Each structure stands twice: as C-alpha cells, then as structure tokens.
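Undergrad: Output the structure for:
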Amino acid sequence: MAAYEKQRQVPRLVIPGHPAARARATLDVSLCDLSVKGARIEHLGLLRPGSPCTLELPPPFGPLVLAADIVWSKVVGTEEEINGQRRLRYQSGLVFSGITAEQQADLGKVLERIIPAGGRDSARLSLG
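TA: Modelled structure (predicted):
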C-alpha cells in the first residue's frame, strides 16, 4: 500500500468505520478513504484495473455520483456467505475522471464535513 501512497497527487482522509458505499446499483462497497482525486473501496467480487466505473457516495456525503477509473485491485481477505461459501474480499483504488468543477467543489465540501464526523453508510459502484 505504501507504493500507492507515493503515487497520490493529494493526501486522502481515512474514513472512520469504513462506511458502506454503492457503485451505481451494481456493487455494494465500503468506502475506506476519499480525496478530491480518488478513493479506496472494499468489496466482494473482482474489479479489473483500467475499467471505468461510477462511485455513488452515501447520503450523508452526497448525493454525489462521480465518474472514476479503477487503478488497482487486490485481495485483502475472505468473507463467509450465509450458505457457508467463502468469497474473496478486495480493496481497489479509484481515480476520479472527468468530474465537473461543481462536483469537485461538492466533493471538497463533503471532505470538510467528514473530518470530524465519520459514520457508516453505504455507497454503490457501477461499472462501465
């Protein structure tokens, strides 16, 4: 993870409690950290680096839907499902792409609000 830290253009804030996020009704994700340039998410199911997606921030942080590209994805563990099957748990890094000046400003306001707040809510990620 340290190599990724060196590549970042701006620092990211760690999101306390890793609130859940949604990837545009396609994949439920947990939001690990967030900056004006990108985010780190945790999820079940593979996301392929280089793929486009949108990140829908949870209501306390939004509503804000941001276009992004998946930069990296790696296995960080497993999770047991209700039926006893085990699934791989991943973390992925996203870089926001093509966001408007208004979205950038809204994201800046979100980051200012979450510094003291934290919380646990869901976000969604949609691919393509």
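Undergrad: Which residue is the nearest non-sequential neighbour of residue 106?
TA: residue 64 (5.5 Å; C-beta to C-beta, 6 or more residues apart in numbering). Where C-beta positions appear, they are placed from N, C-alpha and C, glycine not excepted.
Undergrad: Number of residues surrounding the one you found?
TA: Using other C-beta atoms under 10 Å, residue 64 has 17 other residues around it.
Undergrad: do residue 36 as well
TA: When neighbours are counted by other C-beta under 10 Å, residue 36 comes out with 17.
Undergrad: One more: residue 99?
TA: Neighbours of residue 99 (other C-beta under 10 Å): 17.
Undergrad: I'd assumed residue 65 was in contact with it.
TA: No - counting by C-beta atoms under 8 Å, residue 65 is not a contact partner of residue 99; they are 9.7 Å apart.
Undergrad: buried set for the longest helix along the chain?
TA: Using DSSP state H to define each element, the chain has its longest helix at helix 101-114. By 16 or more other C-beta atoms under 10 Å, the buried positions in helix 101-114 come out as 103, 106-107, 110-111, 114.
Undergrad: Could you say which helix or strand holds the residue most central in space within the chain?
TA: Per C-alpha atoms, centre = their mean, the C-alpha nearest to the average position across the chain is that of residue 41, at 3.6 Å. Assessed by DSSP states H and E, residue 41 sits inside strand 38-44.
Undergrad: isn't the residue nearest to the centre of the chain right up against residue 55?
TA: Yes - the pair residue 41 and residue 55 qualifies as a contact (C-beta under 8 Å) at a distance of 7.4 Å.
Undergrad: For residue 66, the count of nearby residues, please.
TA: With other C-beta under 10 Å as criterion, residue 66 counts 23.
Undergrad: can you tell me how far it sits from residue 104?
TA: Separation of residue 66 from residue 104 (C-beta to C-beta, to the nearest Å): 9 Å.
Undergrad: all helices for the protein, in order.
TA: Using DSSP H, helices in the chain cover 2-7, 101-114.
Undergrad: Out of those, name the one with the poorest average pLDDT.
TA: Note on the helices of the chain: helix 2-7 shows the lowest mean pLDDT, a mean of 53.
Undergrad: Please name the bridge partners of residue 77.
TA: As for beta bridges, residue 77 partners with residue 89 under DSSP bridges.
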